[in-house]
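**Q** What would the 3D arrangement of this be:
(chains A and B)
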Amino acid sequence: MSLDLRQVLPQVESLGQEAARRAAAASIRLPRLAQLLLDAARLDRSELEHRLAAAPATAHPAWPTDEAIDASFPLPAHPPRLRLLAADGSQVYPDRHAAAFFYMVNIGSIDLLQGSGRPPQTATHSNLHFDDEDLRDTRGLPVDTHLINARRDAAELKELARLVEGPVLSEVEGPVLSEVEGPVLSEVEGPVLSEVEGPTLALLDNGLLLWAASQEQKAARPDVQRVLDEYLAALDVLRDSGAALAGYISRPRGANVVDLVEAAAAEAGGTPPRLTDRLLFGRHLQAHMRSARFRHPARINDEFAARGHEIQFFYLHTGAQDGIARVEIPHWVAADAARMAMVHAGIVEQCRLTGVPYPLVRAHELALVGQDDRRALDGLVQAALIRHGISGLASQKAQTKRWTGRRRRHQL
Amino acid sequence: MTPFPAAPESRLIGRVTRCSIQGFVGGIRMTEPDIPAFGALCRAPAQGGRSQVIGLIYEISIEDDDLARQLAASDVPQEEVRLDQQFVRPIPIEIRALSVGFHDGDGYLYDLPPQPPNTLADIFNLPPSEVRQFTASLAFLPLVLAAPQLPTDSLLAATFRLAAQARPESERRAFLVSAGRECARLLSGDLGRVNNLVRSLQGQHGS
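**A** Numbering: from 1, shown residues only, chains lettered A, B, ... in the order given. Next up, the predicted model:
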């Protein structure tokens, strides 16, 4: 092992001490912050907005919505049947030391009709990108990770749009699998489909703003804009389908609401330590309750809003080990009480099993490209290159890393 | 030497993780309907593909899985989640196979192979056509009967049942009778085992 644990050990000890010091300081600051939230809620709306507008540029305060900022909402009833869709993605970035220059986006998805007594349908879509248009941005530079991430995010949302437009698994036709003695493959792989309508909750394992577009907004690159257009078009499809859409963020580190209450108290920037919204709402929310909705302060949200998809968020106590999650929703979900109830109740129900929504766990598993997959893909690429008369060798540097990367233990 | 005959209906059922001349072990993730059966025949390449080791599956185990353990420990899982885990989500399985012969490119030899399969060699099930060819001779039985600490009688009964199913209906009874006679001959010093085995075979054919 090349990691010298003896060197790291004292640093790890310091890390532990620092974490304990921060936690102690946070526990002192937290009651004050909770009081500031209540105080901010009592401010006149115009006064609150005036103070938020005056917040320093380093703060990114959330913007209040029609709900009182200190409000909390109990768990609504779960519908007897709920169609749950989830998509997640992973990627293989281009490697100039590999035998060929390419990247790959892998999307996994699941379509689970809760209450149907049927197995879910799963899908994995793997796309290799290797032509010039994929590998060069509009500036002629090699594609960067921001753009690949943006394309992956758009592919995840487009997969959800594809699923909501597809047929719904029906519980009214065909044999229920659990009633079939000794189920056979055909019954498992080909569940009966029909157009039965039902409430649908579509989930992403991330925020809903296209983050790469946000970072590249100033550059206004046409390739990023094109991905953004695709992303917003997928949001159009989801909105028009009647489905509810939510982005689920586990262990959020954001502080937009903390920034809000500090700005409202003219304490923007706060006194150290900087606390997170998660800590604030961990104190404020009981199990299974959600906070008020807030408008996402990111600048890219203006463009989303202009296209009818303003992003809002709330915090939710899932009742699971990690407690507080951040849930992002488009405005058209926020404005629809039935869709909001579906998001709230659906996520809490799905967290009961696995701490985070079960469909997201499965979508992640279906999307994940592991080291073994990567090695197998490299092998296929090398074989294809050789078949077409091209050297399928990785760079010497890559080979030396392979020689030294996998250590062997020699037993005597 | 002719290449090993291609069998398009073969399914990948594992990749070798450890092996010896006497047998091999393979692992893979697969859905429940794809899991091979106890007593089924399989093959894995050896000697750089010049031979195929024929294995008889005598153990199938579902390996530990963190997500399944979490779900098992939770409150009553939703029915759809249970079905997902049982029929849709590939589960990590391990199969153990006893070497009962090999194919050297020209034909089957009913003896231990010259070399075991290599690590990560693909393990395929033997489709019905190959099962019929391999079990046309019962010369592999001594290797099974000599294997220590295996449920030999149950294993042979399962193997005969699957081999009979790979044959046309009209040939099944004759095959089972022939298998029973061969076992009786090989186990002539152990009448109790012979009786058990013959009863199993009679039960399979309903006569």
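**Q** ok, so what distance separates the closest residue to A:Pro273 other than its chain neighbours from A:Gly16?
**A** Closest residue to A:Pro273 apart from its sequence neighbours, by CB to CB, 6 or more residues apart in numbering or on different chains: A:Ala25 at 4.7 Å. For the C-beta atoms, the positions are set from N, CA and C on the backbone; glycine is no exception. Note on A:Ala25: its distance to A:Gly16, by CB to CB, to the nearest Å, is 15 Å.
**Q** and the one residue in chain B that gets nearest to chain A, backbone torsions?
**A** With CB to the nearest CB, the shortest gap between chain B and chain A falls at B:Leu83, namely 3.8 Å. Main-chain torsions, B:Leu83, degrees, to the nearest 10: phi -70, psi -40.
**Q** still on that earlier bit, can you pick out the residue with more neighbours from A:Ala25 and A:Gly16?
**A** Between A:Ala25 and A:Gly16, counting by other CB atoms under 10 Å in any protein chain shown, A:Ala25 is the more crowded of the two (14 against 10).
**Q** I'd say that one and A:Leu279 touch.
**A** No: in this structure A:Ala25 lies outside contact range of A:Leu279 using CB atoms under 8 Å: 11.4 Å.
**Q** Buried ones in the helix or strand where the residue nearest to A:Pro273 lies, by neighbour count?
**A** Using DSSP states H and E, A:Ala25 sits within helix A:5-42. Neighbour-count burial for helix A:5-42 flags A:26, A:29-30, A:33-34, A:36-37, A:40-41 (criterion: 16 or more other CB atoms under 10 Å in any protein chain shown).
**Q** Let me know the outermost residue of chain B.
**A** B:Asp75 (36.7 Å; CA atoms, centre = their mean).
**Q** so is that residue in a helix, a strand, or just coil?
**A** Using DSSP: H, G, I helix; E, B strand; the rest coil, the secondary structure recorded for B:Asp75 is coil.
**Q** distance of it from B:Ser178?
**A** 54 Å.
**Q** B:Ala157 too?
**A** Counting by CB to CB, the gap from B:Ala157 to B:Ser178 is 15 Å.
**Q** more crowded one of these two?
**A** B:Ala157 (23 against 13).
**Q** Quick one: residues contacting A:Asp66.
**A** Neighbouring residues of A:Asp66 by CB atoms under 8 Å, 6 or more residues apart in numbering or on different chains: A:Arg293.
**Q** Please settle this for me: is it part of a strand?
**A** No: per three-state DSSP, A:Asp66 lies outside any strand segment and is coil.
**Q** A:Phe294 versus that one, what's the distance?
**A** Note on A:Asp66: its distance to A:Phe294, by CB to CB, is 11 Å.
**Q** likewise B:Val16?
**A** 55 Å.
**Q** sec struct for B:Ile93, please.
**A** B:Ile93 ends up strand, using three-state DSSP.
**Q** Okay, and the beta partners of it?
**A** Going by DSSP bridges, B:Ile93 is paired in beta bridges with B:Ile28, B:Ile62.
**Q** which residues does B:Ser20 form a beta bridge with?
**A** Beta-bridge partners, per DSSP bridges, of B:Ser20: B:Gly23.
**Q** what's the pLDDT at it?
**A** For B:Ser20, the pLDDT comes out at 95.
**Q** Look up the closest residue to the residue in the stretch 201-350 of chain A that chain B sits nearest to, ignoring the ones flanking it.
**A** Residue nearest to chain B within the stretch 201-350 of chain A (CB to the nearest CB): A:Glu349, separated by 8.4 Å. Leaving out its chain neighbours, the residue that sits closest to A:Glu349 by CB to CB, 6+ apart is A:His78, at 5.3 Å.
**Q** what kind of secondary structure is that neighbour in?
**A** Going by three-state DSSP: A:His78 is coil.
**Q** List the residues that contact the closest residue to chain B within the stretch 251-400 of chain A.
**A** Chain B sits closest to A:Leu353 of the stretch 251-400 of chain A, with a gap of 5.0 Å, by CB to the nearest CB. Neighbouring residues of A:Leu353 by CB under 8 Å, 6+ apart: B:70-71, B:74-75, B:77-78, B:81.
**Q** which two from those residues end up farthest apart in space?
**A** Based on CB to CB, the longest span within these runs between B:Gln70 and B:Gln78 and measures 13.8 Å.
**Q** how about the top helix by length along chain B: buried residues?
**A** Scanning chain B for the longest helix, with DSSP state H as the assignment, gives helix B:169-186. Neighbour-count burial for helix B:169-186 flags B:172-173, B:175-176, B:179-180, B:182-183, B:186 (criterion: 16+ other CB under 10 Å).
**Q** I'd like the next helix or strand past that helix.
**A** Next along from helix B:169-186, by DSSP H and E: helix B:191-205.
**Q** where exactly do the strands run in the chain?
**A** Picked chain A for this. For chain A, the strands defined by DSSP state E cover A:63-64, A:72-73, A:82-92, A:103-114, A:121-129, A:168-169, A:193-194, A:200-204, A:244-249, A:290-291, A:294-295, A:311-317, A:324-330.
**Q** meant chain B actually
**A** B:12-20, B:23-30, B:41-46, B:51-62, B:91-103, B:108-109, B:122-125.
**Q** which stretch among those strands comes nearest A:Gln7?
**A** Taking those one by one with CB to CB, strand B:12-20 is closest: 35.9 Å.
**Q** Please name every helix or strand in contact with that closest one.
**A** strand B:23-30, strand B:41-46, strand B:91-103, strand B:122-125 (3 or more CB pairs under 8 Å, 6 or more residues apart in numbering or on different chains; DSSP states H and E).
**Q** again, only using 10 Å
**A** strand B:23-30, strand B:41-46, strand B:51-62, strand B:91-103, strand B:122-125 (3 or more CB pairs under 10 Å, 6 or more residues apart in numbering or on different chains; DSSP states H and E).
**Q** Pick the most buried one from these.
**A** strand B:41-46 (a mean of 24; mean count of other CB atoms under 10 Å in any protein chain shown).
**Q** got the residues of chain B near chain A?
**A** By CB under 10 Å from any CB of the partner chain, the residues of chain B that approach chain A are B:31-34, B:67, B:70-71, B:73-90, B:120.
**Q** where does the chain have low pLDDT?
**A** By default, I'm working from chain A. Scanning chain A with the threshold set as pLDDT under 70 gives A:1, A:168-198, A:215-220, A:268-272, A:392, A:402-412.
**Q** You answered for a different chain; I wanted chain B.
**A** B:1-8, B:76, B:203-207.
**Q** Show me the domain layout of it.
**A** Annotated domains of chain B cover B:1-127, B:135-207 [automatic domain parsing].
**Q** so how far is the first one from its chain's centroid?
**A** If I follow you right, that is domain B:1-127. Distance, stretch centre to chain centre, for domain B:1-127: 8 Å (CA atoms, centre = their mean, to the nearest Å).
**Q** At the geometric centre of chain A, which residue sits there?
**A** Note: chain A centre (CA atoms, centre = their mean) maps to A:Asn206, 1.1 Å.
**Q** Quick one: residues contacting that residue.
**A** A:88-89, A:153, A:156-157, A:247-250, A:328, A:360 (CB atoms under 10 Å, 6 or more residues apart in numbering or on different chains).
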